[in-house]
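Asker: build me a model:
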Amino acid sequence: MLVIRPLQETDLDDLYGMAEKAGKGLTTLPADRGLLQRKIERTRESFNQRCAPEAGLYLFALEDTVTARVVGISGIEARVGLEEVFYNYRLSVTVNASRELGVHVRTPTLHLSNDMTDTTEICSLLLAGDYQGGGNGLLLSRCRFMFLDEFRKHFSEKVFAEMRGVSDPQGRSPLWDALGSKFFDMEFVQADTLSGLGNKSFIAELMPKYPIYLPMLPDVARAVIGMVHDNTRPALKMLQAEGFNFNGLVDIFDGGPLVEAFVSNIRTVRESINRHAMVINKPIDLDVPPEHRVMICNRSFRDFRVTTLPIDCIGPDVVRIPHDVAEALLVESGDPVRLAPLKEGALSPMHPLRGQADEDEKILDRLRNYRSRHAQD
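Answerer: Numbers count the residues shown, from 1 in each chain. Sure, this is the predicted structure:
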């Protein structure tokens with residue numbers, strides 16, 4: 001069984017192993033034991049509510065309960081830019097015109113921005129290669145939206161994600177080579193790693209504050225602004241399905257896009273429902289396709305847990321939960337739980353709630369017909 005839970009001190013070795021295999025693409029989780037240990041400590045402080053809510057870092061581990069191994073991680077940064085300044089470039093247009101000369105020129109421009117300050121970020125998504133597929137990535141990403149929805153007071157109304165931009169197999173970024181390298185005497189990988197380690201003061205000290213006119217950059221650099229790395233396309237597609245959209249901001253190093261959404265508009269949040277647990281001893285076949293499964297979470301802040309169940313387990317008032325799944329979720333009969341589709345379209349006609357909605361619609365149609373006939377009489 002795969003279960004989402006808060007990251008723990010004993011997860012360091014598994015986390016370090018995944019970070020090593022991820023290479024240089026995931027700068028928020030570099031293969032640095034000291035940094036990873038500090039992130040775990042900060043996560044424990046956050047879940048135990050021993051720090052200010054706005055300073056919280058919530059990292060979730062995907063654990064294979066059979067092997068007791070952590071096989072994935074995802075996270076939420078409660079607020080960015082409160083201690084270290086958070087930088088992006090905003091894509092805009094500068095217009096120059098002369099009526100006398102009949103000239104009207106629109107020039108695409110990059111402006112240094114701190115627009116996302118005090119906004120919640122979803123981050124640090126990483127899944128072990130041998131666990132990719134089967135809806136595991138969906139569970140790892142979308143569990144964060146259930147947590148955001150359950151504990152909204154700890155987060156901003158708007159949430160964003162910074163997507164990895166284009167770079168080659170050697171880790172070279174066309175935008176960095178054309179722009180950043182002119183102001184930073186270091187390679188792209190080194191600058192991106194320093195930023196991921198939290199050493200961001202050099203950005204403020206060295207980055208130009210004036211606008212960057214895109215026509216002055218080579219074509220290869222302009223072409224990657226707002227584009228994502230091939231390995232990041234599935235994550236972007238997943239977020240777009242949740243309602244995230246490009247907000248006009250890009251990463252200052254590789255030009256990767258930022259996508260954002262309001263919590264109340266996120267699909268998982270909009271389609272989530274509340275039920276009460278009914279623990280049963282009868283076994284249930286949990287091995288069903290992702291489109292026939294739902295995510296289920298407890299309502300605990302400190303001991304948050306998420307896993308999946310077949311959609312047929314949901315009733316009008318309760319959800320039937322096998323005993324072993326209930327133990328993994330730390331719930332008992334009568335406890336409130338939250339459910340949400342694992343995959344788009346999971347609320348199919350076979351879903352009991354959809355079936356009830358269809359029956360309700362039929363009743364409404366009969367009522368409308370009756371009223372129509374009565375009005376004619």
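
Asker: excluding chain neighbours, what is closest to Phe145?
Answerer: The shortest distance from Phe145 to any non-neighbouring residue, by C-beta to C-beta, 6 or more residues apart in numbering, is to Thr268 (4.1 Å). From N, CA and C alone the C-beta is placed, and that goes for glycine too.

Asker: which of the residues in the helix or strand hosting that neighbour are classified as buried?
Answerer: Per DSSP states H and E: Thr268 is located in helix 267-270. By neighbour count on 16 or more other C-beta atoms under 10 Å, the buried set for helix 267-270 is 267-269.

Asker: name the residues that touch it?
Answerer: 142, 145-146, 148-149, 241-243, 263-264, 295, 340-341, 344 (C-beta atoms under 8 Å, 6 or more residues apart in numbering).

Asker: closest one of those residues to Pro108?
Answerer: Lowest distance from Pro108 to the contacts of helix 267-270 (C-beta to C-beta) belongs to Gly243, with 26.7 Å.

Asker: for that closest one, what are its contacts?
Answerer: Gly243 touches 261, 265-267, counting by C-beta under 8 Å, 6+ apart.

Asker: can you give me the buried ones in stretch 98-113?
Answerer: With burial defined by 16+ other C-beta under 10 Å, the residues of stretch 98-113 counted as buried are 109-113.

Asker: that one: how far from the chain's middle?
Answerer: Distance of stretch 98-113 from its chain centroid, counting by C-alpha atoms, centre = their mean, to the nearest Å, is 36 Å.

Asker: for the residue nearest the centre of the chain, phi and psi?
Answerer: The residue lying closest to the centre of the chain (C-alpha atoms, centre = their mean) is Ile122, at 4.3 Å. When read as degrees, to the nearest 10, the backbone of Ile122 gives phi -90, psi 140.

Asker: look up how far Arg144 lies from it.
Answerer: 5 Å (C-beta to C-beta, to the nearest Å).

Asker: common neighbours of those two, please.
Answerer: 74-76.

Asker: and the nearest residue to Ala340 once chain neighbours are set aside, how many neighbours?
Answerer: Nearest non-adjacent residue to Ala340, counting by C-beta to C-beta, 6+ apart: Ser272, 4.0 Å away. If you count neighbours by other C-beta atoms under 10 Å, Ser272 ends up with 19.

Asker: mind checking how far Ser272 is from Met295?
Answerer: The gap separating Ser272 from Met295 is 9 Å, by C-beta to C-beta.

Asker: overlap in contacts, the two.
Answerer: Shared between the contact lists of Ser272 and Met295 (criterion: C-beta under 8 Å, 6+ apart) are residues 146, 339-340.

Asker: fine, thanks again, bye for now.
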